[in-house]
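**Student:** coords please:
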Amino acid sequence: MSSNSSFSPLNLSQFPLKSLIFFIFSIFPLVNGRSLKSTHHHTTNLDESLTYLWPLPEKFTSGNDTLTVDPNLTLDFTGNQSVVVEEAFERYRKIIFKHGGRSGESFDVSKVTVIVHSDNDELKLGVDESYSLLVTKSNEHSIVGGVSIEANSVYGALRGLETLSQLCIFDYGVKTVQIHKAPWFIQDKPRFAYRGLLLDTSRHYLPIEIIKQIIESMSYAKLNVLHWHIIDEESFPLEVPSYPNLWKGAYTKWERYTVEDAIEIVDYAKMRGINVMAEVDVPGHAESWGAGYPDLWPSPSCKEPLDVSKNYTFDVISGILADMRKIFPFDLFHLGGDEVNTS
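**Tutor:** Purely as a prediction, here's the structure:
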């Protein structure tokens, strides 16, 4: 999975919500490998010499055959039962067959075999996301046929399913899902262990469902870390049980995240092979903290940075970190540390 080493995280709070959603979903044609449509209602001619996979796999070979895919595609999972893989297969099957498909015919691909060599589904930075993907025609003469994904972890299998979904294209003429340029043999692994997207919900509150849509989009591009910039000087939207007045610094009481909301986001992301790295900016960018606990301000007229001359300030920080550790299991946690005005 190639990436660009010069990439810098975008501060999505700079964009209006409609622009943000447009930005996220504008990557769909790039990562799906499906037919592109122009505003003039004619199919864009694709350059058949190019490989429409994103990110481009590390190694791959292809052929000249076109295979048809059975709408009743089934999963054959080798190993202990994995909810991560099973739910991913169902998600991708819905994506692949979102336009439906003809039934009752003979298809070249009717089964996806997934082999995972480890039962451990712990998601950590550096987890093995490598996989191999083989796509060949099934017939009575072939020893190996259909689709086979082999990986060392369930998260490698997720990346293989994403690549498979990009290979599947709906043919509007015959109304079947096809895989072009078969047989395919792909060996892939990430170029970078950390492939992240920054989301700032302190400066621009986003509902849970929108965050989930962004996470879903990240999985299409094989990104694996959501850098969630939750708290900043503009608002403190997260519930902290140890200091329950902190989220009085939210924009409104309706623009908040409960502990259960945050856990739901973490679990949703994990099912897509994405870690959530939370950020709490200290000691600067913390004006919103004082809405609930004014003693954290140096004075009523000086509302940031946090008053580091008081032990109480460090007690609050310790309480926040302890509570957030229960919510966010990822090894990395971001403390900001920028733009501390000491004048």
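**Student:** what about the strands in the stretch 51-200 of the chain?
**Tutor:** Counting by DSSP state E, counting those that start in this stretch, one finds strands in the stretch 51-200 of the chain at the ranges 59-61, 65-78, 109-116, 131-136, 146-151, 168-171, 176-182, 184-188, 196-200.
**Student:** got a list of what Asn224 touches?
**Tutor:** Applying C-beta atoms under 8 Å, 6 or more residues apart in numbering to Asn224 gives the contacts Glu129, Pro190, Tyr194, Arg195, Gly196, Met218, Gly273, Ile274, Asn275. For glycine as for every other residue, the C-beta is placed from the backbone atoms N, C-alpha and C.
**Student:** for the stretch 201-343 of the chain, give me the ranges with low pLDDT.
**Tutor:** 343 (pLDDT under 70).
**Student:** and the helices in it?
**Tutor:** Along the stretch 201-343 of the chain, the stretches classed as helices by DSSP state H, counting those that start in this stretch are 208-220, 259-270, 311-327.
**Student:** who's in contact with the last one?
**Tutor:** Residues lying outside helix 311-327 but in contact with it, judged by C-beta under 8 Å, 6+ apart, are 238, 240-243, 246, 259, 262-263, 266, 278, 280, 282-283, 289, 293, 295-296, 306-308, 333.
**Student:** equivalent analysis for stretch 129-139, please.
**Tutor:** Counting by C-beta under 8 Å, 6+ apart, 1, 65, 67, 108-111, 142, 144-153, 155-160, 163-164, 167, 179, 182-190, 222, 224, 273 sit against stretch 129-139.
**Student:** flag every buried residue along it.
**Tutor:** Glu129, Ser130, Tyr131, Ser132, Leu133, Leu134, Val135, Thr136, Lys137, Ser138 (16 or more other C-beta atoms under 10 Å).
**Student:** so the fifth one bridges to which residues?
**Tutor:** In this case it means Leu133. Under the criterion DSSP bridges, Leu133 forms beta bridges with Ile149, Ile186.
**Student:** that one and Glu87, how far apart?
**Tutor:** According to C-beta to C-beta, to the nearest Å, Leu133 and Glu87 sit 19 Å apart.
**Student:** swap in the third one?
**Tutor:** Applying C-beta to C-beta, one obtains 17 Å for the distance of Tyr131 from Glu87.
**Student:** sorry, back to before: make JSON lines from the buried residues of stretch 129-139 and add pLDDT to it.
**Tutor:** Listed next are these as JSON lines, based on pLDDT from 0 to 100:
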{"residue": "Glu129", "pLDDT": "98"}
{"residue": "Ser130", "pLDDT": "98"}
{"residue": "Tyr131", "pLDDT": "98"}
{"residue": "Ser132", "pLDDT": "98"}
{"residue": "Leu133", "pLDDT": "98"}
{"residue": "Leu134", "pLDDT": "97"}
{"residue": "Val135", "pLDDT": "97"}
{"residue": "Thr136", "pLDDT": "93"}
{"residue": "Lys137", "pLDDT": "83"}
{"residue": "Ser138", "pLDDT": "69"}
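**Student:** nearest to Glu209, of those?
**Tutor:** Glu129 (26.7 Å; C-beta to C-beta).
**Student:** ok, now which ones touch Glu255?
**Tutor:** Contacts of Glu255 (C-beta under 8 Å, 6+ apart): Tyr205, Ser235, Pro237.
**Student:** the second one contacts Thr252, correct?
**Tutor:** Right, the one you point to is Ser235. No: assessed by C-beta atoms under 8 Å, Ser235 is found out of contact with Thr252, at 9.2 Å.
**Student:** show me which of these two is the more surrounded one.
**Tutor:** Per other C-beta atoms under 10 Å, whichever of Ser235 and Thr252 has more neighbours is Ser235, with 23 against 9.
**Student:** residues contacting that one?
**Tutor:** Contacts of Ser235 by C-beta under 8 Å, 6+ apart are Ser202, Arg203, Tyr205, Gly249, Ala250, Tyr251, Glu255, Ser288.
**Student:** possible to save the strands of the stretch 51-200 of the chain as JSON lines with distance to Pro300?
**Tutor:** Converted to JSON lines, the strands of the stretch 51-200 of the chain look like this (distance: least, C-beta to C-beta, whole Å):
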{"stretch": "strand 59-61", "distance to Pro300": "63"}
{"stretch": "strand 65-78", "distance to Pro300": "61"}
{"stretch": "strand 109-116", "distance to Pro300": "58"}
{"stretch": "strand 131-136", "distance to Pro300": "57"}
{"stretch": "strand 146-151", "distance to Pro300": "57"}
{"stretch": "strand 168-171", "distance to Pro300": "61"}
{"stretch": "strand 176-182", "distance to Pro300": "64"}
{"stretch": "strand 184-188", "distance to Pro300": "57"}
{"stretch": "strand 196-200", "distance to Pro300": "27"}
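**Student:** closest one to Leu50 among these?
**Tutor:** Here strand 176-182 is closest among these (C-beta to C-beta), at 10.5 Å.
**Student:** buried residues in that closest one?
**Tutor:** Here strand 176-182 shows Thr176, Val177, Gln178, Ile179, His180, Lys181, Ala182 as buried, counting by 16+ other C-beta under 10 Å.
**Student:** show the model's pLDDT score for the fourth one.
**Tutor:** Looking at Ile179, its pLDDT reads 96.
**Student:** with that, I have no additional questions.
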